[in-house]
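Peer 1: only the shape, not the letters, is given here:
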């Protein structure tokens, strides 16, 4: 409601074209007076009036409107002085909220980037130079921290105060303020950490930069739909679609991680500082990348100062480098993870039911998947660790294979958050894979009652695995081009053809896509889905070792006869079955991937903190610390995308484009993590499993090789980017 109200208000009351010439102080004062009437001047002073989340919404809308109203300074004044009973504090905030005072804020000597200068106060007089002071020319007072418990308050019209406008990034809005024995009031407050105040200020700047970047991005999307080159809209070109899809992924990541940090702050969660640093680290780099790509999309038209886009480009860069930029935020992340014994990545609150299930599954695994049993399993080569039939049967007895299934099919109807709790705990215990989620979804959505009664209990008990027979030599991502045929012969179907890259080739059944109408237009209209017993005559399997030491198979179907009842869904209705089941499952695929990365990150963190006789711990290396901080912030963005998909799936299926966003980001993060782990640990980490002195039995190099599969499988990331561009952004096919 606040966002919509502010957007409408600013759309009517503020003209962005004033920024091309630099708005005068009177214009800024006028818009601020109007915003005071909207109630935003008090945000941060009283939780009942709105906290940091509401401040960030306001800042994002000001960034979107390219409005330089002094909200940032007002918010920091509220957060700094809230609760203080000092007469000067009470008076200042009262006047601020009533519109009788406009406050400029400078971090002074506390600026992490050491760019804003400092002042000294002696005998009630302040002297010094402060740089990059926002909107000082339109403000009545200047607030500067002198210590964690004292602030200097200077009247801008007092003697000894000189204020000069400064042009930065080609834009006006900053001021240099020189104080020469200017009279000052010193405000004493309860001891609070100024660095916490500046963390909130950093989040507010990131929110404003997000608003600016998002506005420019939306303009670029609209432009791509209209601008024609070579006889068609440039938004049809895959290069443009992928560029804009990448931007959208980054923007969604920024939106979620910034809001999450603010929510934790408002709840007084002890981890809010870590997430605030993660938000600043990721957002600073991501928003600048979006800003650059937006300008690339506009081309020459966006290079003119008359266009709105340059305003946002400047805003993004000014806000993201302030207060030490991303680099300083990464110092905080590294300290959290690696200093004083270090801390694990924080566990997410998955709600009472999710948290309880996480503990229940952990205890079950401790009793049933630990000790000698797990040690024997872990000693196997990776190719023998993809599946364990006895473990599948054991966990089948718990009913957890059907954790998210409707109760009518024997499931537990657990929420998406509970499913995340289960996936996370299984990953942390390095338990083998179970179930056949996509195939089970297809049967529940499209299967006959007889099929559901026959196949679903087998899956639920852990007795049967189903492979997916989709890809063919000429039909990988383009499944509509598949040629494997199924022809009706009385009460049977006869299947002929070839499937490749089939991973669960050793399963009891194959969930097979075959063409039942070779002349169908469009081609995907002639596909049907079948359940094929892998024991059926006419099937020949040629396994191959994958790049990650797993296996897939080239499978030939030569006059394979299956009963007519093995058809799932309608004849020629297989495309609906295939895409429907994938859509239902894909929302949590990205979550499963990022949880793998999070677990591997914890293994890497422990190695980095360990000391060896011939060298100090890698945790002391500044390059390693910075690399780990970058990975941690990206993991948190991946987990936020996972949580968002779960939220969307709470009442329905996750929209395919959001499942695609999570899958693309997390799978490519897995690749980046694998590369980083080798860089950090060195050549010894390249030793493969079963080799003497291999680190964690070759875990890290094998993870890197395995990561390639996640980028390709369940729809290549290039296809996913097309989906994002066309479904989320409305670009033409």
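Peer 2: Noted; the coordinates are in hand. Everything numeric here is computed off the predicted structure, so don't read it as measured data.
Peer 1: mind checking the end-to-end distance for stretch 36-46?
Peer 2: 16 Å (CA to CA, to the nearest Å).
Peer 1: distance from the chain centre to that stretch, please.
Peer 2: For stretch 36-46, the separation from the chain centroid amounts to 30 Å (computed by CA atoms, centre = their mean, to the nearest Å).
Peer 1: show me what counts as buried in that stretch.
Peer 2: 36, 40-45 (16 or more other CB atoms under 10 Å). Every residue, glycine included, has its C-beta placed from N, CA and C.
Peer 1: go through these and name the one nearest residue 424.
Peer 2: residue 44 (34.2 Å; CB to CB).
Peer 1: quick one: terminal-to-terminal distance for stretch 446-466?
Peer 2: 16 Å.
Peer 1: residues in contact with that stretch: which ones?
Peer 2: 387, 392-397, 399, 401-402, 405, 409-411, 434-436, 439-440, 443-444, 504, 506-511, 529, 531, 565, 568-569, 573, 576-577, 580-581 (CB atoms under 8 Å, 6 or more residues apart in numbering).
Peer 1: of those, select the buried ones using a PyMOL command.
Peer 2: Buried residues among the contacts of stretch 446-466 (16+ other CB under 10 Å), as a PyMOL selection:
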select buried, resi 392+394+395+396+401+402+405+409+410+411+434+435+436+439+440+443+444+504+507+508+509+510+511+529+531+568+569+573+576+577+580+581
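Peer 1: of the contacts of stretch 446-466, which belong to helices?
Peer 2: 392-396, 439-440, 443-444, 576-577, 580-581 (DSSP state H).
Peer 1: name the next helix or strand downstream of the helix or strand encompassing residue 631, please.
Peer 2: For residue 631, the host element (DSSP states H and E) is helix 622-649. Counting by DSSP H and E, the element after helix 622-649 in chain order, helix or strand, is helix 656-681.
Peer 1: can you give me how far that next one is from the chain middle?
Peer 2: 11 Å.
Peer 1: give me the mean pLDDT for it.
Peer 2: The pLDDT scores in helix 656-681 average 95.
Peer 1: tell me which of the ones in helices among the contacts of stretch 446-466 has the lowest pLDDT.
Peer 2: Lowest in pLDDT among the ones in helices among the contacts of stretch 446-466 is residue 581, which has 76.
Peer 1: residue 496 - how many residues pack around it?
Peer 2: If you count neighbours by other CB atoms under 10 Å, residue 496 ends up with 16.
Peer 1: wait, a strand at it?
Peer 2: Yes - applying DSSP: H, G, I helix; E, B strand; the rest coil, one finds residue 496 inside a strand.
Peer 1: can you pull up the bridge partners for the nearest residue to it once chain neighbours are set aside?
Peer 2: Counting by CB to CB, 6 or more residues apart in numbering, residue 485 is the residue found nearest to residue 496 once chain neighbours are left out, at 5.4 Å. Note on residue 485: beta-bridge partners by DSSP bridges are residue 496, residue 515.
Peer 1: tell me the pLDDT of residue 485.
Peer 2: 96.
Peer 1: between the helix holding residue 631 and helix 656-681, how many degrees?
Peer 2: Angle of helix 622-649 versus helix 656-681, following axes from the mean of the first three to the mean of the last three CA atoms, to 10 degrees, is 160 degrees.
Peer 1: helices along the stretch 301-450 of the chain, start to end?
Peer 2: 309-321, 325-338, 351-368, 371-378, 389-396, 416-428, 437-446, 449-460 (DSSP state H, counting those that start in this stretch).
Peer 1: could you pull up the mean pLDDT of the longest one?
Peer 2: Helix 351-368 shows a mean pLDDT of 97 in the predicted model.
Peer 1: name the residue closest to the centre of the protein, please.
Peer 2: Closest to where the C-alpha atoms of the chain average out (CA atoms, centre = their mean) is residue 637, at 3.1 Å.
Peer 1: not counting sequence-adjacent ones, nearest residue to that residue?
Peer 2: residue 253 (4.1 Å).
Peer 1: mind pulling up the pLDDT for the one you found?
Peer 2: At residue 253, pLDDT is 98.
Peer 1: contacting residues around it?
Peer 2: So residue 253 contacts 282, 286, 637, 640-641, 665 (CB under 8 Å, 6+ apart).
Peer 1: could you dump those residues into TSV with distance to residue 115 added?
Peer 2: Formatted as TSV, the contacts of residue 253 follow (distance: CB to CB, whole Å):
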residue	distance to residue 115
282	22
286	22
637	27
640	30
641	33
665	32
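Peer 1: residues of the helix holding residue 631 that come out buried?
Peer 2: 624-646, 648-649.
Peer 1: ditto for stretch 453-462
Peer 2: 455-456, 458-462.
Peer 1: over to stretch 46-59?
Peer 2: 50-59.
Peer 1: show me the contact partners of it.
Peer 2: Outside stretch 46-59, the residues touching it (CB under 8 Å, 6+ apart) are 2-3, 6, 39-40, 42-44, 71-72, 75, 79, 82, 200, 203-205, 207-208, 211, 258-259, 262-263, 265-266.
Peer 1: what's the first-to-last distance across that stretch?
Peer 2: 18 Å.
Peer 1: chain center to that stretch, what's the gap?
Peer 2: On CA atoms, centre = their mean, the centre of stretch 46-59 falls 23 Å from that of its chain.
Peer 1: per-residue pLDDT, residue 287?
Peer 2: pLDDT, read off for residue 287, is 98.
Peer 1: ok, and for the helix or strand hosting it, which residues are buried?
Peer 2: According to DSSP H and E, residue 287 maps onto helix 272-298. Going by neighbour count (16+ other CB under 10 Å), the buried part of helix 272-298 is 272-288, 290-291, 293-295, 297-298.
Peer 1: and residue 4, how many neighbours does it have?
Peer 2: Count around residue 4 with other CB under 10 Å applied: 10.
Peer 1: show me what the helix or strand hosting it is packed up against.
Peer 2: Assigned by DSSP H and E, residue 4 falls within helix 2-13. In this structure, helix 2-13 packs against helix 25-37, helix 52-64, with contacts taken as 3 or more CB pairs under 8 Å, 6 or more residues apart in numbering; DSSP states H and E.
Peer 1: and the angle for the helix or strand just after the last one with helix 52-64?
Peer 2: Stepping forward along the backbone from helix 52-64, the first helix or strand reached (DSSP H and E) is helix 71-81. Here helix 71-81 points in a direction 160 degrees away from that of helix 52-64 (the same axes, to 10 degrees).
Peer 1: before we move on, back to that, worst mean pLDDT among the helices and strands packed on helix 2-13?
Peer 2: The lowest average pLDDT among the helices and strands packed on helix 2-13, as it happens, falls on helix 25-37, at a mean of 94.
Peer 1: pull out the buried positions in stretch 339-357.
Peer 2: Buried residues in stretch 339-357, counted by 16+ other CB under 10 Å: 345-346, 348, 350, 354-355, 357.
Peer 1: residues in contact with that stretch?
Peer 2: 271, 274-275, 336-337, 358, 414-415, 417-418, 420-422, 598, 601-602, 605, 609, 619, 632, 635-636, 639, 643.
Peer 1: quick one: mean pLDDT for the strand or helix carrying residue 131?
Peer 2: Assigned by DSSP H and E, residue 131 falls within strand 125-134. Mean per-residue pLDDT for strand 125-134: 97.
Peer 1: give me the low-pLDDT residue ranges for the protein?
Peer 2: 16-22, 583-587, 613, 652 (pLDDT under 70).
Peer 1: so what secondary structure elements neighbour the helix holding residue 631?
Peer 2: So helix 622-649, by 3+ CB pairs under 8 Å, 6+ apart, packs with helix 238-266, helix 272-298, helix 325-338, helix 416-428, helix 574-609, helix 656-681.
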